[in-house]
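[1] Need coordinates for the following:
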Amino acid sequence: MTAESKARAVGINHVALEVGDIDAALDFYGRIFDLTLRGRGETSAFIDLGDQFIALFQGESDAKDVGRHFGLVVDDPAKVRSALEEMGVELLPGPGIDFLDPWGNYVQLVSYDKIQFMKTPAVLRAMGLGDLGKTAAARREIAEKGFAPD
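    Model prediction:
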């Protein structure tokens, strides 16, 4: 198969997490983040992340993630750390802000200013975030990959 005959992965539309209780999960994540609910069912809920979303599905598994995780981009990691500490959520060892939610989902927080992707100005405006900056290292990485805005 040649590269031209293969589809290209363009991005991630959503991440699905299994939780034990939808109301409890919305309460947990709502205490940490300012949430916008995209939709809700009896055993599911969808939380907007601008042009992406997190899908919560009620399940029966209590298995804790160890290496398997997802990186959630935030504008202010210090605010999240503070909220987690207030809630008594144990942070996992390491330099970042990593934690397990009550259902064992491993969440790793990443600061928007340090990552290579950029939300469009229209998406940032719609999210009420204005113009979030980038570190020099992130700007270099964005430029090296050809992702710098015109």
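
[2] How far away from the center of its chain is the helix or strand of the chain with the lowest mean pLDDT?
    The helix or strand of the chain with the lowest confidence, counting by mean pLDDT, DSSP states H and E, is helix 121-126 at a mean of 88. Mean-position distance between helix 121-126 and its chain equals 17 Å (CA atoms, centre = their mean, to the nearest Å).

[3] just stretch 74-94 next, same as before
    Counting by CA atoms, centre = their mean, stretch 74-94 comes out at 14 Å from the chain centroid.

[4] Do you have the strands of the chain handy? List them.
    With DSSP state E as the criterion, the chain has strands at 14-19, 37-40, 44-49, 52-58, 70-74, 97-100, 106-111.

[5] got those strands as CSV, with distance to G130 and mean pLDDT columns?
    Glycine gets a C-beta too; all of them are placed from N, C-alpha and C. Putting the strands of the chain into CSV (distance: least, CB to CB, whole Å; pLDDT from 0 to 100) gives the following:
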stretch, distance to G130, mean pLDDT
strand 14-19, 24, 93
strand 37-40, 22, 95
strand 44-49, 17, 94
strand 52-58, 19, 94
strand 70-74, 15, 92
strand 97-100, 23, 95
strand 106-111, 16, 93
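
[6] Just send these back as CSV, with distance to R125 and mean neighbour count too.
    Conversion of the strands of the chain to CSV gives the following (distance: least, CB to CB, whole Å; neighbours: other CB atoms under 10 Å):
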stretch, distance to R125, mean neighbour count
strand 14-19, 22, 17
strand 37-40, 18, 12
strand 44-49, 14, 18
strand 52-58, 16, 19
strand 70-74, 17, 16
strand 97-100, 26, 18
strand 106-111, 20, 18
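
[7] Now render those strands as CSV, adding distance to R139.
    Below are the strands of the chain laid out as CSV (distance: least, CB to CB, whole Å):
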stretch, distance to R139
strand 14-19, 26
strand 37-40, 31
strand 44-49, 22
strand 52-58, 22
strand 70-74, 16
strand 97-100, 23
strand 106-111, 14
